[in-house]
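Participant: Next comes the sequence, and after it the predicted model I'd like to discuss.
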Amino acid sequence: MNQTKTFSGPHIRTANTTRNIMLHVAISLMPALLGSIYFFGIRSLYITGLSVTVCVLTEYIWQKLAKKTVTAGDFSAVVTGILLAFNMPVTAPLWVIVIADVFSILVVKQMFGGIGCNFANPALMGRLLTMVVWPGTVMQYVAPRTLTASGFDAVSSATVLGTVKNGGEAGYSYLQMFLGETPGALGETSKLLLLVGFAYMCFMGIVNAEAALTYIGTVVLLTFVFGPSGLFTGDILLNLFGGGLILGACYMLTDYAFASRRGRLLYAVTAGVITAAIRIFSFYPEGICFGILTANCLAGALSLLHKKHVYGVKKA
């Protein structure tokens, strides 16, 4: 007897697969990776390669041991490895990278069911672990080689935002911040190359640009209004180009939790408000990690605030 299967509808169908989407994301990150090699040297490539290898092997070994379907070849672990490396300084010890990779894939991703089931961005959770446990090793940043050759110190104790937060001068022009000639994590400094990759993803139709722009706009607007010297005294370009805002918005603001446009925008605004509040009121100069991760954890509560219209039911 033939088995009859009943499925509810309607359905949203797409030709994109997880592997196809993640492959395009990995490709889009290549300009920033090449830029990190140019600015910080070949060790950027070693760190990124190690991070990707550990992430893929961790996912493969765990799924084999747990007798689950092996999805290590869908490039999601590759993307996590690249993004985790991009959030680290080029001076980070390799053993710290390995521990963060295993934690991100095994604890944050696989323990919650794998891709699509993890409650937060795995790469950012790995970064948060290192910030809490080994802050001294992952918050010391090297100045780019293009600057050290001109007489700059080899090691800087803070990013541009960190220096300004502590009352100092930025020390770098807006153009240098945009191109990537500033101390920072190896994948976040060149906003130009990150935007090139983001434009590629937009062209391929695999990313929602509206959510990223909403997040950026929220952070920039609030940090401008509530500036360090009073209302409307914030430095817009400094907050836009001086830290990891572009990397976080374009690659780590996971907006796939909401299918509706209104839900994505609510999610992006929430992450932006938290990020801006941390930048304005705390001693942390960035806030990207905490802002996005907090919004990840609040996704369920936000879904209660925005209830989607049921298809076929007339609105009140």
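Facilitator: Ah, there it is. Numbering: from 1, shown residues only.

Participant: pLDDT below threshold where in the stretch 51-200 of the chain?
Facilitator: Where the stretch 51-200 of the chain drops to pLDDT under 70, the residues are 148-157.

Participant: What are the boundaries of the strands in it?
Facilitator: 141-142, 155-156 (DSSP state E, counting those that start in this stretch).

Participant: and what of the stretch 201-316 of the chain?
Facilitator: If DSSP E, counting those that start in this stretch is used as the criterion, the strands of the stretch 201-316 of the chain fall at 226-227, 230-231.

Participant: Okay, buried residues for stretch 55-72 please.
Facilitator: For stretch 55-72, the neighbour count (16 or more other CB atoms under 10 Å) marks 55-56, 58-60, 62-63, 71-72 as buried. Backbone N, C-alpha and C define where each C-beta goes, glycine included.

Participant: how far does stretch 114-124 stretch from start to finish?
Facilitator: This stretch, stretch 114-124, spans 16 Å end to end (CA to CA, to the nearest Å).

Participant: Pull the residues that contact that stretch.
Facilitator: Residues from elsewhere that reach stretch 114-124 (CB atoms under 8 Å, 6 or more residues apart in numbering): 18, 68, 71, 74, 76, 79-80, 83-84, 87, 104-105, 108-109, 112, 252, 254, 289, 292-293, 296-297.

Participant: try 7 Å
Facilitator: 18, 71, 76, 80, 83-84, 87, 104-105, 108-109, 112, 252, 254, 289, 292-293, 296-297 (CB atoms under 7 Å, 6 or more residues apart in numbering).

Participant: Distance from it to the middle of the chain?
Facilitator: 12 Å (CA atoms, centre = their mean, to the nearest Å).

Participant: circling back to that earlier point, can you tell me which of the strands of the stretch 201-316 of the chain is packed in deepest?
Facilitator: strand 226-227 (a mean of 16; mean count of other CB atoms under 10 Å).

Participant: Direction included, what does it pair up with?
Facilitator: According to DSSP bridges, strand 226-227 forms sheet pairs with strand 230-231 (antiparallel).

Participant: pLDDT (mean, whole number) over the partner strand?
Facilitator: The predicted model assigns strand 230-231 a mean pLDDT of 92.

Participant: Quick one: residues contacting the residue nearest the centre of the chain.
Facilitator: By CA atoms, centre = their mean, the chain has its centre lying nearest to residue 252, at 2.9 Å. Contact analysis of residue 252 by CB under 7 Å, 6+ apart lists 83, 121, 123-124, 292.
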